Every structure is written in structure tokens, then in C-alpha cells.
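In: Below are the sequence and a predicted model for it; my questions follow.
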Amino acid sequence: MSKEDVGGYTGRTSQSRVQTARATAVKNKTPANQQITVEQILREANEAQIEKIAVAPRQKITDPEELDEYRLSKRKSFEDCIRRTRTAIQYYVKYAQWEESQKDFRRARSVYERAIDVDYRNQSLWLKYAEMEMKHRHVNHARNVWDRAVQYLPRIDQFWYKYAYMEEILGNVAGARAIFERWMEWKPESQAFTSFIKFEMRYNEANRARAIFERFVATHTEPKSWLKYAKWEERQKNAENTRSVYERAIEALGERALNEEFFIAFAKFEEAAHEQERARAIYKYALDNIPRDRAQELYKMFITFEKQHGDRQGIEDVVVGKRRFHYEELIKDNPRNYDVWFDYARLEESEGNHERVREVYERAIANVPPAEHKRFWRRYIYLWINYALYEELEAEDAERTRAVYKEMIRLVPHKQFSFAKIWILYAKFEVRQKQLDHARKIFGQAIGLYPKEKIFKEYIELELDLGNIDRCRKLYEKYLEFMPSNCAAWTKFAELEQSLSEVDRARAIFELAIQQPVLDMPEMLWRCYIDFETEEGENDKARELYRRLLQRTKHVKVWMSFAQFESTADDVGRARKVYADGFASLGELEQKEERLMLLEDWLAFEREQGDEEAVADVEAKQPKRIKKKRQIRTDDGTEAGWEEYYEYVFPDERQGAPNLKILEMAHKWKKQKVDPEDDIEMAPVD
């Protein structure tokens, strides 16, 4: 190589000279975001290979020397693999299986033993070793392998199963039994005992199987273990032993025996043995001791049992007892759950036992709400009401009913709040008992402690039914003294006087009512006053009332009602004047939508009762609808876009709105833009 080549030139062509890149200093020494490992580079290179690697041709061995050479090379290959990775058990297994395929069992055993020395906890290694010996009928070798396997790994159930199965297949029943006995000393899972029992039953050794069951329930002290034992005895058709197993289980397990499945099986056994009383006793014992949420299926089975073997009363007792126990559990969790008390009381009422019903109600009303706030008492007070109604209607005990009402009235804190319903029910009860004086005292006490509209109404209705008009008047006076803004009370008072033909009294009441500074529904009061004058034939007074009302309010409905009143009085001119006055008045107030509403009603009136000229006159007053835009602003004052809306412009407003002329001119200009040939002449071309 020349000096120039060493200096960096690799060669020369006829056109140019190529210069190799020199090593430069690394500018950025920070690691790349994505690191590439050597393993990844090799894998990608291997995947990118296009040419297929040629497979070695199959070698055909023809003489013993070639066979020995082949075996030597294979063994050397396996030994090299094992030498490189001594703990890789798969190489040992492949090595041993190859030796097995060469019928060299001595070498195969040697390989397996070497593997066991490396990892004796490998289950598959022991299984493959034993399967090799069994497959080639090396029984003693297989026994040796299994015996060592269960000795080293006694908690691996599969070894015990296969070991015992091999002895049983070979007909060595005693040997298989000895294996199971060795296994039982380790106290395995329940399936191991089950397999042992099935083994004994295959050879009709029932006594041996029973002894195994005794060891089983002693080892696994669970309800399902005893249940399995009892069902086995039941299949042996031995009722006494089966019953003995169930009874011993209850004694041995104690509280753990309170298992729904266990007692269902016990009761079904007694039922199948035609011992109905025993079965019923078992069901009742279980239901009394097992919590309700864990005995749903047990209740269903008990109900089915009673339907088959019991009478109607027994079935009903079961259902009621189930529901009663359920309610008791809910009450225990939350004694102020009044909905549960309602259901519980209804259940006892359906049974008809007065003492039980009273006991439930007394327990319920003892749970007073924790705070003197009305929302806590709303459901609670209905317990008292239901209690009182039950004593009156079902038990028919008037004294107890009166005592319940008195205690309820005493308990409610009337200074904070009260309930009109309880006063009304108490008074009505006394009316049904023909104790009118007591009822009046109750209403009077209610008005003194808790004056409420419902109480006044019920009291007035009672006196009105009795025909005591003077008392009704006094009550209305007291009613209006407490609630002077109640328009319904004023109206009812006036209607009472009107029904008695006391027109002057009724008119005086209405006059006094409309003079009140505050009214809850003044429009209803004025409406009733006007209707009263109309019914009495006093149209002039009704007309005067409309005028007085219009002095207070200029509402469009008042104008419309006034005009309709005049039209029904067959005075078209007056009605037309009312419409005109209202139209003008609403125009002054700039209430355009109300003005349009009145105009539509006026037009309908003219079309019905006027002539064409009047209709045309009203139609000429129709407004023009104009679409406009306005800006929308949020609560904080920021702009939120634009919205379109319609505005009505009446003919009498156009003179004061010069922008309409501008709009007409703009509309004309737009039309000219669309069709300019109508107004623009072509200029001559020079």
C-alpha cells in the first residue's frame, strides 16, 4: 500500500478520486432516546436472511461401526449441552428419552438420576422417569422411582395417585392399600380420602371405608365432611348410622354446624324416612339458630315441606314467622326505620292478634325522632295515626283511641311545628263518638296553638253541616284575622253570605277584601267580586268595578275581560270603546306584545259582531313585524354572539320612527342592485 493510501485515499478512477471520511470527534454524547441491544441487532439480522439454510442430508447407517459413531456424536452433543447449562432439565430429559429410544435403559436411568441430583423438586422429571419404567414393564424400577418421589415430595398428590393406581392395575390390592395408608398419615386434602374410600368400595370393603370416613371427619372437621359421610351412609341404606352421623356432627361442630346445606340434607333424610315430625323439628331448630340472611333456601324448603305434610295454619305460621324474623333483623340494624315498622304492624294486623299489634305499635312510637325538626317527624307521626285508626276501626276501643290521640297531641312540640292532620282526625273521631263539645274544644285548641288554613276549613265545614251560621261567621272572622291576605277565605265568606241572601253583607265583605294592602291572589278576588255583581244583575256596579280595577292595573287580560263583559251585555259600542281605550293605554305603556294580543281579540270580536268597515279599521291597526339583531352578553359582561328577534311597529308609531323611511329606501336600493337595467341607461361608446 502506498503512502497516499495510508494517508486516507483508497483508490483512484479516471473521473475522480474518492476520499474516505476521517474519524471526527463526537459532538453529542447524550444517549439516544431508543437504545438498541446486541440481541435485537442479531435477531433482526437473522430475520432478514433471505437464503434458506441448507438442512443436513439424512444419514443412513449401514453397519455397527457407523451406529457407534452416530451414538458417540449424539452423546457428545448432549453432554456438551448439559456441560454448558447444567441446570437446564430439558436437556437431561431429551438425553434420557434418546437413550430410551436406543433401548439403552441403563444409560437412560443414569441420565434421569443425574437430573434428579440437579433438581429433585421437578415434578415432570419424576413423572417422565416413572412413565419410562412403567411403559417398558420395569415394575420394580417403577416402584423404586415412585417410592422415592413420594418420599421426597409427599405433598404432590399426583405421585400418590399414580403410584396407587399402578399397584391396583398390577392386582396388588394390599400394596395399593399400603400406599393409601402411607398417604393418609400426611393428612392430605379431602379428595385423597375420597379416592381411598372409592378404592375400598371397589372391593366391597364397607367397614374399611367407614373407618376411613371416621379418620376423614376427624382430620377435616367441616360440615361438608360430615355431610359427605352422612350421604355415604344413606347410600348404604343404613338409616340408623345416617342419623347417628348427623347427630354426632351437630355435637362435634357446635356453632359451625349451623350450615344451611347441612340441615336441609338432614331434614330431607328424615322426610325420606317418613319421619315428618323429626324433619319439622330440624327445620325449626335450624331457623331459630341460623341468621336470616344465610337461611333463605332453608325457608323455601320448610315452606315446601309444610305444603306437603302440614296444614294451612302451619304454612301460614311459617310464612308469618319468616317475615316477622326479617323485620326484627331490620329493626335491630336501624330502630328508626319507620317504613319497616309500618310493614311489621300491617303483618301483625293481618294476623288479628290485638296484643301483638299493640306491642308493635308501642315499640314503634317509642323511637322518637332525634331532633325537633318537622322533616324528621313526618313519617313518625303516621305511626301514631295508624295506631289510633287501628284502635278505633279494628279493635273498636274508643277509650284507647282517645288515649292515643291525647298522647300524640302531648308529644308533638307545637311551639316549633305541628300537624293539622292530627287535630282534624282527633276532632272527627270525637264527632263520630257524638262528642261535639269535645270536637269544638279540639278545634279551638288547635287554632290557639297552631292556626292553619286546613283547621279553619274543617271547623267551618263542621259548623256549616250543623247549621250554626253565627259560629261560621265568627270562625271566618277569626280566620281572616289570622290570614287577612287569604283571598280564598274572603271569597268563601262572601259566598256564604250570598247563599244566605245577605247581599249587602257579601258586598261589604268584598269591599273590605279589596282594600287589604297585601293579597295572595287579587285577580281571583276581583273576578269573584265582579261575578257576584253580575249574578245579582248589577251591571253598572260590575262596570264600575272594572274601572276601579283598571286604575290599579293596566293588564291586558283585564281589558279583554272588560270588553267581553260589555259584549255579553249586548252593548257593542261599549265593548268597542273598551277595546279602543285599552289599545291606546297599552300603547302609552309600550307593551307591544300585550297590545297585539288585545288587537287580535278585538279583531275576533269585530268579525263576530261588527261590520266590514269595523273589521277593516281594526286590520289597519295591525303592526309590522321587523327582524332585528342584538348582542348577547353573559353574566360577567363578556360578549357571547348575536341573536335575532322580532319587533312590532304599529301604524301610530311610524311617525315617531324616521328610520322606517331609511329602511324603505334601502329596500328600494337593494332591488335596483338586483335588476339594474330597469333604472340605468347605457352610455354611448366614443
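Out: Cool, got the structure. The model shown is predicted, which means the values in this text are computed figures rather than measured ones. Residues are numbered from 1 along each chain as shown.

In: how distant is stretch 396-408 from the center of its chain?
Out: Taking the mean of its C-alpha atoms, stretch 396-408 sits 42 Å from the chain's own mean (CA atoms, centre = their mean, to the nearest Å).

In: in the helix or strand hosting residue 603, what counts as buried?
Out: Here residue 603 is covered by helix 592-609, with elements defined by DSSP states H and E. Neighbour-count burial for helix 592-609, counted by 16 or more other CB atoms under 10 Å, picks out 592, 594, 595, 596, 597, 598, 599, 601, 602, 603, 605, 606. C-betas here are computed from N, CA, C, even on glycine.

In: Leaving aside the residues adjacent along the chain, what's closest to the second one?
Out: It refers to residue 594. Leaving aside its sequence neighbours, residue 594 sits nearest to residue 556 (CB to CB, 6 or more residues apart in numbering; 3.9 Å).

In: any idea how far that neighbour is from residue 211?
Out: Distance, residue 556 to residue 211, using CB to CB, to the nearest Å: 104 Å.

In: check contacts around the residue nearest to residue 594.
Out: By CB atoms under 8 Å, 6 or more residues apart in numbering, the contact set of residue 556 is 582, 586, 591, 594, 595, 597, 598.

In: So it versus residue 96, what's the distance?
Out: Residue 556 is 108 Å from residue 96, by CB to CB.

In: For the stretch 401-550 of the chain, which segments count as helices?
Out: Ranges of helices within the stretch 401-550 of the chain are 420-432, 436-449, 453-466, 469-482, 487-499, 503-514, 522-535, 539-552, based on DSSP state H, counting those that start in this stretch.

In: Tell me what angle the last one forms with helix 503-514.
Out: This points to helix 539-552. Angle, helix 539-552 to helix 503-514, by axes from the mean of the first three to the mean of the last three CA atoms, to 10 degrees: 10 degrees.

In: Can you give the distance of helix 539-552 from its chain's centre?
Out: How far helix 539-552 lies from its chain's middle: 60 Å, per CA atoms, centre = their mean.

In: got it, and the fifth one?
Out: Shown here is helix 487-499, whose average C-alpha point lies 51 Å from the average C-alpha point of the whole chain (CA atoms, centre = their mean).

In: Please apply the same query to the first one.
Out: Here the centre of mass of C-alpha atoms in helix 420-432, compared against the chain's by CA atoms, centre = their mean, lies 41 Å away.

In: just for the protein, where's the confidence low?
Out: Residues of the chain meeting the criterion pLDDT under 70: 1-27, 49-56, 292-293, 309-319, 322, 569-570, 653-668, 670-671, 673-686.

In: for it, what spans make up the strands?
Out: Assigned by DSSP state E, the strands in the chain fall at 624-633, 639-649.

In: Please enumerate residues in contact with the helix holding residue 603?
Out: With contact meaning CB under 8 Å, 6+ apart, helix 592-609 is reached by 555-556, 559-560, 563, 567, 572, 575-576, 579, 582-583, 586-587, 614-615, 617-619, 621-623, 647-648, 650.

In: Tell me the buried residues within these.
Out: Among the contacts of helix 592-609, those buried by neighbour count (16+ other CB under 10 Å) are 555-556, 559-560, 563, 567, 575-576, 579, 582-583, 586, 614-615, 618, 621, 623, 650.

In: Take those and keep only those in helices.
Out: Among the buried ones among the contacts of helix 592-609, the members found in helices (DSSP state H) are 556, 559-560, 563, 567, 575-576, 579, 582-583, 586, 614-615, 618.

In: gap between residue 262 and residue 273?
Out: With the distance defined as CB to CB, residue 262 ends up 17 Å from residue 273.

In: same question, residue 258
Out: Applying CB to CB, the value for residue 258 to residue 273 is 23 Å.

In: the more surrounded of the two?
Out: For residue 258 versus residue 273, neighbours defined as other CB atoms under 10 Å are more numerous around residue 258 (18 against 14).

In: Residue 288 is in contact with that one, correct?
Out: No. In this structure residue 258 lies outside contact range of residue 288 using CB atoms under 8 Å: 10.2 Å.

In: show me what contacts residue 459?
Out: Residue 459 neighbours (CB under 8 Å, 6+ apart): 427, 443, 447, 475.

In: Please spell out the PyMOL selection for the buried subset of these.
Out: Selection of the buried residues among the contacts of residue 459 in PyMOL, burial being defined by 16+ other CB under 10 Å:
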select buried, resi 427+443+447+475
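
In: Hmm, residue 295 is touching residue 284, no?
Out: No. With contacts counted by CB under 8 Å, residue 295 stays clear of residue 284, the gap being 11.7 Å.

In: the more surrounded of the two?
Out: It is residue 295, of residue 295 and residue 284, that has more neighbours when counted by other CB under 10 Å, with 22 against 14.

In: what does stretch 379-392 rub up against?
Out: With contacts defined as CB under 8 Å, 6+ apart, stretch 379-392 is touched by 338-339, 341-342, 345, 349, 357, 361, 364-365, 367-369, 397-398, 400-401, 404-405, 407-408, 411-412, 419, 421-422, 425, 429.

In: what about burial for these, which qualify?
Out: Listed as buried from the contacts of stretch 379-392 are 338, 341, 345, 349, 357, 361, 364-365, 367, 369, 400-401, 404-405, 408, 412, 419, 422, 425, 429; burial here means 16+ other CB under 10 Å.

In: residues contacting residue 245?
Out: Residue 245 neighbours (CB under 8 Å, 6+ apart): 226, 229, 230, 233.

In: Most neighbours among the residues you listed, please name it.
Out: Busiest of these [other CB under 10 Å] is residue 226, holding 27 neighbours.

In: and it, what does it touch?
Out: Going by CB under 8 Å, 6+ apart, residue 226 touches 217, 245, 246, 248, 249, 252, 253, 262.

In: what about the first one, neighbour count?
Out: Burial measure for residue 217: 21 neighbouring residues, criterion other CB under 10 Å.

In: list the contacts for the nearest residue to it once chain neighbours are set aside?
Out: Leaving aside its sequence neighbours, residue 217 sits nearest to residue 225 (CB to CB, 6+ apart; 5.0 Å). Counting by CB under 8 Å, 6+ apart, residue 225 touches 190, 216, 217.

In: possible to save the residues you listed as TSV with distance to residue 490?
Out: Putting the contacts of residue 225 into TSV (distance: CB to CB, whole Å) gives the following:
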residue	distance to residue 490
190	87
216	91
217	88
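
In: Take the residues you listed and keep only those in helices.
Out: Residues of those located in helices (DSSP H): 190, 216, 217.

In: isn't the second one right next to residue 189, touching?
Out: Translated: residue 216. No. Shown here, residue 216 and residue 189 do not form a contact pair, counting by CB under 8 Å, at 10.6 Å.

In: Around residue 176, count how many other residues there are.
Out: Neighbour number of residue 176 under other CB under 10 Å is 21.

In: That one against residue 198, yeah?
Out: No. Using CB under 8 Å as the test, residue 176 is too far from residue 198 to be in contact (11.9 Å).

In: do you know how far residue 588 is from residue 640?
Out: For residue 588, the distance to residue 640 - CB to CB - is 34 Å.

In: Residue 157: which of the ones in helices among the buried ones among the contacts of helix 592-609 is nearest?
Out: Checking those against residue 157 by CB to CB gives residue 556 as the nearest, at 94.6 Å.

In: who's in contact with residue 66?
Out: Applying CB under 8 Å, 6+ apart to residue 66 gives no contacts.

In: same question, residue 170
Out: By CB under 8 Å, 6+ apart, residue 170 lies in contact with residue 139.
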